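Participant: requesting a structural model of the entry that follows:
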Amino acid sequence: MKRRLLLLLPLLIFLGLGFFLYRGLGMDPSARDSVLLAQKFPPFTLTTLEDPSRRVDESLLEGEVTLVNVWAEWCPTCKEEMPQLLTLAERGVRLVGINYKDTRAKGQEFLDEFGQPFEVNIFDPVGDLGFELGVYGVPETFLVDAEGVIRYKHTGYITPEDVEQVMQEVEKWR
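Facilitator: Residues are numbered from 1 along each chain as shown. Down below sits the predicted model:
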């Protein structure tokens, strides 16, 4: 009897693991709320993409509602998202970019080719700021209120259909 139970144990473990993995397939990872919602933007001091001698910190995000977009040259969906970011900038939304795990040259080439909607681009070549934000894939966008508190997170790229939803969030916090 004990031997039979030992033979069934791996099968039971396999079935249990299979159940949880199958259940996870139906979950939408982009639907997860950020643990940073209603928290101050994490402290940082980094240079800008455009000027390696210009240092910026989290105070950059205070005083005005700001969309902070984490992007990279190597990210194909960031290229798809750029027209929507340009539209948001044209509609008066303040955008700050975080160039994530990139080189200055590649980041500049990307902006030259796809447009520059950002007031400032924070250069995060190692990804430390992205790590503090809990970024697990670019692009990701955070809405920061005038006090520097994160109020909304959009995981994945902003599609043309998402622009109005993002605008509503911006207006809600202005």
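Participant: separation between the residue nearest the centre of the chain and residue 48?
Facilitator: Geometric centre of the chain, nearest residue: residue 140, 2.0 Å, by Cα atoms, centre = their mean. Using Cβ to Cβ, to the nearest Å, residue 140 is found at 19 Å from residue 48. (Glycine included, C-beta is placed from N, CA and C.)
Participant: check residue 106 too.
Facilitator: Taking Cβ to Cβ, one finds residue 106 at 15 Å from residue 48.
Participant: got it, and residue 86?
Facilitator: Taken as Cβ to Cβ, the span from residue 86 to residue 48 is 19 Å.
Participant: comparing those two, which residue is more hemmed in?
Facilitator: Neighbours per residue, other Cβ atoms under 10 Å: of residue 86 and residue 48, the larger number sits with residue 48, 20 against 15.
Participant: can you name the residues bridging to the nearest residue to the residue nearest to the centre of the chain once chain neighbours are set aside?
Facilitator: Spatial nearest neighbour of residue 140, chain neighbours left out: residue 70 (4.8 Å); criterion: Cβ to Cβ, 6 or more residues apart in numbering. Counting by DSSP bridges, residue 70 is bridged to residue 98, residue 140.
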